[in-house]
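Colleague: With the input below, show me the fold.
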Amino acid sequence: MVVPTTRSSLGLIALVAMLASACATHEAGPAFRRAVLFGDRGISLPLPPPSLVDAPEQDVDLEGTVEGDDLLPADARVHVEDLEGDASAIVTIGPDDRFTVEGLRIDVTRHCFEVWVASASGESEHVFVQAAIEGANGLRTHVGCD
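Modeller: Predicted coordinates for the structure are as follows:
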């Protein structure tokens with residue numbers, strides 16, 4: 001019968017500690033450092049009604065850019081989902097790093113777009129964007145959702 005000695009026990013503990021520290025965890029980050037950006041007219045109405053307050057269900061267009069120093073993978077796409085409704089889309093990014101999503105059916109008084117870039121190698125940080133009614137039939141886009 002083999003009886004572990006103090007020396008062999010200490011050696012085993014040291015080996016386990018060394019292996020455990022080799023598996024250090026790290027915080028997950030985006031696969032590539034590109035940001036989705038919008039101007040104050042990023043969400044627009046192609047043909048606004050006389051009053052958005054009276055007719056809040058509308059088809060809107062979303063335009064933005066993908067900016068950053070990292071090279072975009074060829075398979076990168078912009079993903080858009082309305083967290084308050086059913087609208088969603090996946091679109092390609094143009095050679096000028098711009099994208100347009102047309103015909104997103106939303107309630108302009110209650111919506112929140114989650115937007116990000118994704119490819120087979122991973123995805124960017126997610127951005128949340130919303131439009132607020134300005135005047136009778138205008139929209140102003142801002143980052144963040146209320």
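Colleague: Test of understanding: give the bridge partners of Q58.
Modeller: I106 (DSSP bridges).
Colleague: what helix or strand does the closest residue to A87 other than its chain neighbours sit in?
Modeller: In space, and not counting its chain neighbours, A87 is closest to L104: 4.3 Å by C-beta to C-beta, 6 or more residues apart in numbering. Yep, even glycine has a C-beta here, placed from its N, CA and C like the rest. Using DSSP states H and E, L104 falls within strand 98-107.
Colleague: Counting by contacts, list what that strand packs against.
Modeller: strand 57-67, strand 77-82, strand 88-92 (3 or more C-beta pairs under 8 Å, 6 or more residues apart in numbering; DSSP states H and E).
Colleague: Contacts for stretch 92-109 next, please.
Modeller: Contacting residues not belonging to stretch 92-109 are listed as 45-46, 52-53, 56-67, 72, 76-78, 80, 82, 84-87, 89, 91, 113, 117, 131, 133, 139 [C-beta atoms under 8 Å, 6 or more residues apart in numbering].
Colleague: of these, buried ones?
Modeller: The neighbour count (16 or more other C-beta atoms under 10 Å) marks 45, 52, 58, 60, 62-66, 72, 76-78, 80, 82, 85, 87, 89, 113, 117, 131, 139 as buried among the contacts of stretch 92-109.
Colleague: before we move on, the earlier item: could you dump the helices and strands packed on strand 98-107 into TSV with distance to F99 and mean pLDDT added?
Modeller: Output for the helices and strands packed on strand 98-107, formatted as TSV (distance: least, C-beta to C-beta, whole Å; pLDDT from 0 to 100):
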stretch	distance to F99	mean pLDDT
strand 57-67	6	95
strand 77-82	5	98
strand 88-92	5	98
